[in-house]
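Chemist: with the input below, show me the fold.
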Amino acid sequence: MITPASAETYKCVDKGVSTYMQTPCPDSATQSLHKSSNNISGKDYQQAVNTSEKEKADLNKLLSARQKEEEKYQKEQRKISAKNEKDKQKCASLQLSAKWAKEELANATAKSMSKAKTKLKKANEKAELQCKSGGGQR
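Modeler: Below is the predicted model of the structure:
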């Protein structure tokens, strides 16, 4: 079994420039029609179809795997983003605590001065540790 395949191609020459098209040339160009014909056996045709179907299935598998990887990546990115936001909030909270401890020290009596200094030192250390370890505001 032989299946003929043919195609028409138009050669358009406009101002010395040749172009090949599947549709007729514009009016400004000179045109010549080229016909090509190939005879393909049924066996070759079926083999080409089978190869095409196999390649299409392989492509679909690759696309599916890629989509799963992209979804996994997006999920990881959302998780990282959520952790970063939580760390930023923690940093801001600790910085606020340090600010309040500083205000307490400024308003402390002589009797509570030592306790207020210790509280401020601890609050500053916690805030510095959280904020330097990727917890946001620096």
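Chemist: what's the mean pLDDT across the one helix or strand E76 maps to?
Modeler: E76 belongs to helix 42-106 when assigned by DSSP states H and E. For helix 42-106, the per-residue pLDDT values average out at 94.
Chemist: for the very next helix or strand once past it, what is the distance to the chain centroid?
Modeler: Reading on from helix 42-106 to the C-terminus, the next helix or strand found by DSSP H and E is helix 113-132. Offset of helix 113-132 from its chain centre (Cα atoms, centre = their mean, to the nearest Å): 41 Å.
Chemist: before we move on, what about stretch 86-104?
Modeler: Offset of stretch 86-104 from its chain centre (Cα atoms, centre = their mean): 35 Å.
Chemist: stretch 60-72 now?
Modeler: Distance, centroid of stretch 60-72 to centroid of chain: 13 Å (Cα atoms, centre = their mean).
Chemist: CA atoms only: put that stretch into PDB for me.
Modeler: The C-alpha trace of stretch 60-72 is given here as PDB (Å, rounded to 0.1, in the frame of the first residue of the first chain):
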ATOM      1  CA  ASN A  60       3.500  13.300  28.400                       C
ATOM      2  CA  LYS A  61       5.400  11.400  31.000                       C
ATOM      3  CA  LEU A  62       8.100  14.100  31.000                       C
ATOM      4  CA  LEU A  63       5.600  16.900  31.300                       C
ATOM      5  CA  SER A  64       3.800  15.100  34.100                       C
ATOM      6  CA  ALA A  65       7.100  14.600  36.000                       C
ATOM      7  CA  ARG A  66       8.000  18.200  35.400                       C
ATOM      8  CA  GLN A  67       4.700  19.400  36.700                       C
ATOM      9  CA  LYS A  68       5.100  17.300  39.900                       C
ATOM     10  CA  GLU A  69       8.600  18.700  40.400                       C
ATOM     11  CA  GLU A  70       7.200  22.300  39.900                       C
ATOM     12  CA  GLU A  71       4.400  21.600  42.400                       C
ATOM     13  CA  LYS A  72       6.900  20.200  44.900                       C
END
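Chemist: on that earlier part again, and the helix holding E76, what other elements does it pack with?
Modeler: The contact analysis (3 or more Cβ pairs under 8 Å, 6 or more residues apart in numbering; DSSP states H and E) places helix 42-106 against strand 2-14, helix 113-132. Yep, even glycine has a C-beta here, placed from its N, CA and C like the rest.
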